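**Q** here are the coordinates; sequence isn't available:
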């Protein structure tokens, strides 16, 4: 059974502000978390609606996959803290769908198909980070924010869902950023933490952009030889290859019972300290969301990185979320291949 919104706009914003400020304690804290949990869970139905449409739009594109996820509580709180003027009620990416596509042309083809489709939902916002990569980090991809509209399910009208479109190369970069950020306890994806690691990923973004024939992030040379020279120097300084290899060894044994090739909901809990990943699979969103909320509330001081995602199969899950499986071997291989290519 799909959750619907049970609280007012004022109650939702107040709960978000109290949680982000750290002032809520005891019963008040539990009430705030309950409000946030409901607000987030209410986005599951519109998110699923957009994911179904997105899967339809990528039909016929070899290698394309679609996944969906509800935003983690820790990330919600962190976003409000980083942007105090932001209200939880208007947060655009509580529910999100992502398509990973083989190349840049496929990304723009799917974008055009989405915008020309006959859906009644309103395109609320659009950001093209391929044409203009994020200056702070080098992030690339396209974000489309839709406002849900339906005559049949008007109890969800107005809820916002984010659709991300990325190439495989852009996705490898983004998940490598998150992987290193998790294991080094740096908020690299939020432009926080080690300046040298941040610079490393900006330079990698540049060489990936050059490979794909798209715009390079500001402040980095467009000459591949110059970019590779800096990249080699930073990798030597940070011992990047050794660190990425060590992170890759963190993948734990995953019980075969979770390795279903049928669509389902996956609850991933990565224990960074013990380098242990736990995966639970659910058939329905209600039980999955219930366990998700329970695990986040129990997290406390234990360093768990938790996410609830939907995927067509276990294989699709591991391809879409390699950061949680600590599988960054492909990123390392692509990086080494491009260094050899442009260092000739």
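**A** Received the coordinates, thanks. Source: prediction; values computed, not measured.

**Q** And the strand or helix carrying residue 16, what's buried?
**A** Remark: residue 16 resides in helix 9-21, with elements defined by DSSP states H and E. Across helix 9-21, burial judged by 16 or more other Cβ atoms under 10 Å covers 11-20. Every C-beta, even on glycine, is put in place using the N, C-alpha and C of the backbone.

**Q** which residues are contacting that helix?
**A** When contacts are defined by Cβ atoms under 8 Å, 6 or more residues apart in numbering, helix 9-21 is touched by residues 7, 24, 28-29, 31-33, 35-36, 39, 76-77, 80-81, 84, 87-89.

**Q** do the same with stretch 27-38
**A** Here stretch 27-38 makes contact (Cβ under 8 Å, 6+ apart) with 3, 5-7, 11-12, 14-16, 18-19, 24, 73, 76, 88, 289, 293, 297.

**Q** Buried residues in it, which are they?
**A** For stretch 27-38, burial by neighbour count (16+ other Cβ under 10 Å) applies to 29, 32-33, 35-38.

**Q** Check stretch 106-125 too.
**A** For stretch 106-125, by 16+ other Cβ under 10 Å, it's 106-111, 114, 119, 121.

**Q** Kindly report the same for stretch 219-234.
**A** Neighbour count says stretch 219-234 has 220, 224, 227-228, 230-231, 234 buried, by 16+ other Cβ under 10 Å.

**Q** Out of the helices and strands in this protein, which is least certain?
**A** Here the helix or strand of the chain ranked lowest by mean pLDDT, DSSP states H and E is helix 314-320, holding a mean of 68.

**Q** so of the contacts of helix 9-21, which ones are in strands?
**A** When the contacts of helix 9-21 are checked against strands (DSSP state E), there are no matches.

**Q** Out of these, which sit inside helices?
**A** 28-29, 31-33, 35-36, 39, 76-77, 80-81 (DSSP state H).

**Q** before we move on, back to that, closest one of the buried residues of stretch 106-125 to residue 200?
**A** residue 107 (24.5 Å; Cβ to Cβ).

**Q** State the pLDDT value of that closest one.
**A** Note for residue 107: predicted pLDDT of 98.

**Q** Is it correct that it is in contact with residue 142?
**A** Yes. Assessed by Cβ atoms under 8 Å, residue 107 is found in contact with residue 142 at 6.1 Å.

**Q** Backbone dihedrals for residue 164, please?
**A** phi -110, psi 140 (degrees, to the nearest 10).

**Q** Next: residue 127.
**A** Here residue 127 shows phi and psi, under degrees, to the nearest 10, equal to phi -130, psi 120.

**Q** Please apply the same query to residue 124.
**A** Backbone torsions of residue 124, given as degrees, to the nearest 10, read phi -90, psi -40.

**Q** Quickly note the distance from it to residue 343.
**A** 44 Å (Cβ to Cβ, to the nearest Å).

**Q** Between the buried residues of stretch 219-234, which sits nearest residue 45?
**A** residue 220 (41.6 Å).

**Q** ok but the closest one is inside a strand, no?
**A** No. Counting by DSSP: H, G, I helix; E, B strand; the rest coil, residue 220 is not found in a strand; it is coil.

**Q** And the furthest pair within the ones in helices among the contacts of helix 9-21?
**A** Among these, 31 and 81 lie farthest apart (Cβ to Cβ), at 19.8 Å.

**Q** what are the ranges of the strands in this structure?
**A** Using DSSP E, strands in the chain cover 65-70, 95-101, 122-128, 142-147, 160-167, 264-271, 276-282, 304-311.

**Q** Make a markdown table out of the buried residues of stretch 219-234 and add pLDDT.
**A** Below are the buried residues of stretch 219-234 laid out as a markdown table (pLDDT from 0 to 100):
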| residue | pLDDT |
| --- | --- |
| 220 | 96 |
| 224 | 96 |
| 227 | 97 |
| 228 | 96 |
| 230 | 96 |
| 231 | 96 |
| 234 | 96 |
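
**Q** rewinding a little: intersection of neighbour lists for residue 107 and residue 142?
**A** In contact with both residue 107 and residue 142: 130, 165-166, using Cβ under 8 Å, 6+ apart.

**Q** Quick one: which of these is the most crowded by neighbours?
**A** Ranked by neighbour count (other Cβ atoms under 10 Å), the shared contacts of residue 107 and residue 142 have residue 165 at the top, with 28 neighbours.
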